[in-house]
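**Q** Structure for the following, please:
(chains A and B)
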Number of protein chains: 2
Amino acid sequence: MVKINSNYERLAGSYLFSTIAKKVRAFEESGPDKSIIRLGIGDVTRPLTPTVIKALHDAVDEMADEKSFRGYAPDLGYDFLRRAICENDFAARSCRVDEDEVFISDGAKPDSGNIQEIFDGKCRIAVCDPVYPVYVDSNVMAGRAGTLGTDGRYSDIVYLPCTAENGFSPQLPDSVCDIIYLCSPNNPTGEAMTKEALQKWVDYANANGSVIIFDAAYEAYISEEGIPHSIYECSGARECAIELRSFSKNAGFTGLRLGYAVVPKDIIRDGVSLNALWARRHSTKYNGAPYIVQRAGEAVYSPEGKMEIRGLVNFYMENASYILSHLKEAGHTVYGGVNSPYVWLAVPSGMTSWDFFDYLLERAGVVGTPGSGFGACGEGYFRLTSFGSHENTREAVDRICAL
Amino acid sequence: MVKINSNYERLAGSYLFSTIAKKVRAFEESGPDKSIIRLGIGDVTRPLTPTVIKALHDAVDEMADEKSFRGYAPDLGYDFLRRAICENDFAARSCRVDEDEVFISDGAKPDSGNIQEIFDGKCRIAVCDPVYPVYVDSNVMAGRAGTLGTDGRYSDIVYLPCTAENGFSPQLPDSVCDIIYLCSPNNPTGEAMTKEALQKWVDYANANGSVIIFDAAYEAYISEEGIPHSIYECSGARECAIELRSFSKNAGFTGLRLGYAVVPKDIIRDGVSLNALWARRHSTKYNGAPYIVQRAGEAVYSPEGKMEIRGLVNFYMENASYILSHLKEAGHTVYGGVNSPYVWLAVPSGMTSWDFFDYLLERAGVVGTPGSGFGACGEGYFRLTSFGSHENTREAVDRICAL
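**A** Prediction:
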């Protein structure tokens, strides 16, 4: 008789977005006098840019012709894309990343879920709190999390509180953690780690033989000096850090699916190169992103592509700026929104995150995401995203400010 | 200190295709008088068909417009594609598959590598010998395989010999196996299981609480009556079988990446629905195939799409037929090639599979795949594929026959 993977039974229910959807539906059915504006989900809304569209059409035409048709992609991804990545995302920032250290994938979500697989089942995991749920859930599935407590925390995971008190920057733990997930600029808090703060983590990892999984999916939103765009700006990071990148939020590829992982050849653990392990995992269980999508990714790095992508990011950051300044003016305490498309709002005192969700929905017809859905330290906070239209975003903010 | 997943150290080297590449390179550098013809790799060569190309262009245009732009796909895949699959691949063959039992993916390789994850780490695995390596390697990585013997077999895996003696149809094992991987039409042997033979496996699985992973990636090549196109043609399969399908070999999507898994809601193990487990895995670690590729998949099921796909399959099957008939005529013993694009050639007596590889390369400039690369029972056989041009295929066969 087959037995199932019983670790799945330890997963906390994924009720956050389904509960939100239910509440919104109930409100809609109550016949509200206001239209509903959604600033809840982190999905982009602007269309793909002309250069990307042209690259897609051109690549589709190549696939229509026997002479230029492409079948299976190379295991690590096409050279043209890995070369563009190395030049533009790393060499241009004086970071050394070799082409055979870049693994093209279908996004940062699958990479962040799959990367744990190359490590031992007993590794001790550390995550920020609040946190992007995939880091935790993929480790629960792999049996590294222990049991789920009534506080929503797993017994074997080390949680690193990110709160207003520490500037939302995770502090080094007392105990040794083997694998540390860091996301900067952060989802959901919208705050980014300084180079100094990140360097401390790199030093900690090298001192303890740990590995950092650095999720840089929101890198394009960095607007301030002193915030590292890549963990490889830190000294020693090539010996301890894997970096995950995505085309979703900079180039709007959420529906196109493209990302990559950097696994430097210098990370050696148990005498084994993590680069070789990930290469084996990649070639055994994955078959590459579509050729046409890899060509679209290449187009993002052309001069026109770069300008267009900058335009997309600026569009969303205008929203962030509007949310931030107007909510502040109205007396709210807000974080993030400067190096990130997310604004992290402290809910009025006496309210929980869910209280505020209900309040905002019923009184203003605005949907956001309760911070407690991202972890215990998210309680008392609320996430607003900048991915809507200018018109909707302003209307939503004006409604909140008028409460 | 991080420890790595030590199961990776138990993986057999994946030297098959790299060894082939090395030998071919050395031969090329020796300045041969013949051009080299490759009938080794199972990758298609015909371009995408007009209906698929049109669907891709149309979907790309949708992504260029704010009003029709699509971001994140629904977890299970788009309704339009899952509906087309249920109607055309199953209802049309009187098989019941519900839309919420279809999980759109980026191909049968990732699905066949990932599916083991929802099962317990101690499940006993059975695979055919010879076998598609991903079934074995993904279980080695998960720690289910035991130790690698000098015969190339893992101590904890049950191997089901598929040889000329049993018509290349796996026989029921003496011991109870929990998870059984079956691929029909088969890669690499090219032979297909009859409905009667497959029904025996379904009955075995239901009697023992086992689960069958049925890989039907080559379904479109079935030309004979009595060969099931889906395992759900067998009675009781909804209670024990997961089916994997691919758009790679019928519609030429090896470079586009699209497939799907069917996990019926009726498979309950340990009181848990495997459909719910796979849904959780899918939504946690995967973010869907690109919208434009899912539209391309939908186009395959249009009346024009179906005709074009039939044309592609027929094109390759003309090659298979030429290989089969001419090699037979020349006195070779050959299998497969009737319900599959693969021809499985018995190598001349006194030769190993690798001997024959060298012989064919040096004497005829033809590259195939040594059967022993797929498992111990593949020794003495040789795989030829039908995915080349008519001209190359005929030239290769004529050269072999002239030896």
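
**Q** going forward, measure contacts between C-alpha atoms and count neighbours the same way
**A** Noted.

**Q** If you rank every helix and strand of chain A by mean pLDDT, what lands last?
**A** Within chain A, no helix or strand scores below helix A:16-29, which has a mean of 90 by mean pLDDT, DSSP states H and E.

**Q** need the contact list for residue A:203.
**A** residue A:236 (C-alpha atoms under 8 Å, 6 or more residues apart in numbering or on different chains).

**Q** quick check, it in a strand?
**A** No: using DSSP: H, G, I helix; E, B strand; the rest coil, the secondary structure at residue A:203 is helix, not a strand.

**Q** So what's the predicted local confidence for it?
**A** On pLDDT, residue A:203 comes in at 98.

**Q** can you check residue A:41 too?
**A** Residue-level pLDDT assigned to residue A:41 equals 82.

**Q** can you check the one 3 residues further on too?
**A** According to the predicted model, the pLDDT of residue A:44 comes to 95.

**Q** ok so it is a strand residue?
**A** No: residue state for residue A:44 (three-state DSSP) corresponds to coil; a strand is not indicated.

**Q** tell me the contacts of it?
**A** Under the contact definition (C-alpha under 8 Å, 6+ apart), the residues listed for residue A:44 are A:248, A:249, A:252, A:254, A:387, A:388, B:71.

**Q** Helices - which of these land there?
**A** With helices taken from DSSP state H, the overlap with the contacts of residue A:44 comprises A:248, A:249.

**Q** right, is the least confident helix or strand of chain A up against chain B?
**A** No: if you take C-alpha under 8 Å from any C-alpha of the partner chain as the test, helix A:16-29 misses chain B, and the best it gets is 12.4 Å.

**Q** What's the first helix or strand after that helix?
**A** The first helix or strand that comes after helix A:16-29 along the chain, using DSSP states H and E, is strand A:37-38.

**Q** could you point out which element follows that next one?
**A** helix A:50-63.

**Q** Looking at the contacts of residue A:44, which is nearest residue B:112?
**A** Nearest to residue B:112 among these, counting by C-alpha to C-alpha, is residue A:254 at 24.8 Å.

**Q** what about the closest residue to residue A:50 other than its chain neighbours, how many residues close to it?
**A** Distances taken as C-alpha to C-alpha, 6 or more residues apart in numbering or on different chains place residue B:64 nearest to residue A:50, at 7.3 Å, with adjacent residues excluded. Residue B:64 has 19 neighbouring residues, counting by other C-alpha atoms under 10 Å in any protein chain shown.

**Q** Residue B:64 contacts residue A:53, doesn't it?
**A** Yes: because the distance of 6.5 Å satisfies C-alpha atoms under 8 Å, residue B:64 is recorded as touching residue A:53.

**Q** Spell out which residues of the stretch 251-400 of chain A are next to chain B.
**A** Applying C-alpha under 8 Å from any C-alpha, we find that the stretch 251-400 of chain A lies next to chain B at A:252-257, A:269-270, A:272, A:277, A:284-292.

**Q** Which of these fall within strands?
**A** The subset of those located in strands under the criterion DSSP state E comprises A:269, A:272.

**Q** Mind giving me the ChimeraX command for buried ones among the residues of the stretch 251-400 of chain A next to chain B?
**A** Below is the selection syntax for ChimeraX that covers the buried ones among those, with 16 or more other C-alpha atoms under 10 Å in any protein chain shown defining burial:
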select /A:252,253,254,255,256,257,269,277,284,285,286,287,288,289,290,291,292
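
**Q** sorry, back to before: output the contacts of residue A:44 in JSON lines; the columns should cover distance to residue B:141.
**A** Putting those into JSON lines (distance: C-alpha to C-alpha, whole Å) gives the following:
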{"residue": "A:248", "distance to residue B:141": "30"}
{"residue": "A:249", "distance to residue B:141": "32"}
{"residue": "A:252", "distance to residue B:141": "34"}
{"residue": "A:254", "distance to residue B:141": "30"}
{"residue": "A:387", "distance to residue B:141": "39"}
{"residue": "A:388", "distance to residue B:141": "42"}
{"residue": "B:71", "distance to residue B:141": "33"}
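
**Q** and the least confident helix or strand of chain A, what other elements does it pack with?
**A** Contact here means 3 or more C-alpha pairs under 8 Å, 6 or more residues apart in numbering or on different chains; DSSP states H and E; on that basis helix A:16-29 packs against helix A:353-364.

**Q** hmm, back to that, relative to residue A:402, which of the contacts of residue A:44 is nearest.
**A** The closest of the contacts of residue A:44 to residue A:402 turns out to be residue A:388 (C-alpha to C-alpha; 19.8 Å).

**Q** thinking the closest one is in contact with residue A:45, fair?
**A** Yes: using C-alpha under 8 Å, residue A:388 is in contact with residue A:45, at 6.3 Å.

**Q** contact partners of the least confident helix or strand of chain A?
**A** The contact list for helix A:16-29 (C-alpha under 8 Å, 6+ apart) reads A:36, A:361, A:362, A:367, A:369, A:373.

**Q** Just name the closest of those residues to residue A:382, please.
**A** residue A:369 (5.8 Å).

**Q** count of residues packed around the closest one?
**A** Number of residues near residue A:369 (other C-alpha under 10 Å) recorded here: 26.

**Q** Would you mind confirming that it is in contact with residue A:355?
**A** No: here residue A:369 lies out of contact with residue A:355, judged by C-alpha under 8 Å, at a distance of 11.4 Å.

**Q** Now the longest helix that chain A contains: buried residues?
**A** Assignment by DSSP H gives helix A:303-329 as the longest helix of chain A. Applying a neighbour-count criterion of 16+ other C-alpha under 10 Å, the buried positions in helix A:303-329 are A:305-306, A:308-309, A:312-324, A:326-327.
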